[in-house]
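# What follows is a predicted structure for the sequence shown.
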Amino acid sequence: MRLAHWRPLSETQIVRVKQIHYTAAMKTAVIPQVRVEPELRAQLDAVLTENETLSDFVETAVRRAVEHRRVQTAFHARGEAALEHYQRTGISHSAKDVFDSLQAKLDTRRKQVLG
């Protein structure tokens, strides 16, 4: 078989293939319809990329929002645990010490990456 007309996929096409692959093997559930003002719908239509459907856009937005909430919840839990640890032990670290430690880690990583 000749591939004379083969071209690499665009980023949009790759995303779509991944979505099809992901959804083909799973049972699906439906997200309820959301009513919006016509202006918002027009803005949404204006930002859809080539070959992107409204469903693609909504699914991506929902996935990102879920991930953001998951990260936010984990961050809050770590903060609560740190506060409880401080209240239990009285051990704390100054902001300067924390920032200095983070800067040292960043500097070390930059040296590894940049050589």
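Sure thing, it's come through.
# Same question for the lowest-mean-pLDDT helix or strand in the chain: list its buried residues.
Here the helix or strand of the chain ranked lowest by mean pLDDT, DSSP states H and E is helix 11-24, holding a mean of 75. In terms of neighbour count (16 or more other CB atoms under 10 Å), helix 11-24 has its buried residues at 15, 16, 19. For every residue, glycine as well, the C-beta is placed using N, CA and C.
# what do you get for stretch 83-94?
Buried residues in stretch 83-94 (16+ other CB under 10 Å): none.
# how far away is residue 73 from residue 105?
Per CB to CB, to the nearest Å, residue 73 is found 25 Å from residue 105.
# Pull the distance from the longest helix seen in the chain to the chain's centre.
In the chain, assigned by DSSP state H, the helix with the most residues is helix 54-89. Distance of helix 54-89 from its chain centroid, counting by CA atoms, centre = their mean, to the nearest Å, is 11 Å.
# Only alpha carbons, please: show the helix or strand just after it as CSV.
Where DSSP states H and E defines the elements, the next helix or strand beyond helix 54-89 is helix 95-114. Output of helix 95-114 as CSV, limited to C-alpha atoms (Å, rounded to 0.1, in the frame of the first residue of the first chain):
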residue,chain,number,x,y,z
ALA,A,95,8.2,31.6,54.9
LYS,A,96,11.9,32.5,54.2
ASP,A,97,13.1,29.0,54.9
VAL,A,98,10.4,27.5,52.8
PHE,A,99,11.1,29.8,49.8
ASP,A,100,14.9,29.3,50.2
SER,A,101,14.3,25.5,50.1
LEU,A,102,12.1,25.8,47.0
GLN,A,103,14.6,28.0,45.3
ALA,A,104,17.4,25.5,46.0
LYS,A,105,15.4,22.7,44.5
LEU,A,106,14.6,24.9,41.5
ASP,A,107,18.2,25.9,41.0
THR,A,108,19.3,22.2,41.3
ARG,A,109,16.7,21.1,38.7
ARG,A,110,17.7,24.0,36.3
LYS,A,111,21.3,22.8,36.5
GLN,A,112,20.2,19.3,35.7
VAL,A,113,18.1,20.3,32.7
LEU,A,114,20.3,23.1,31.3
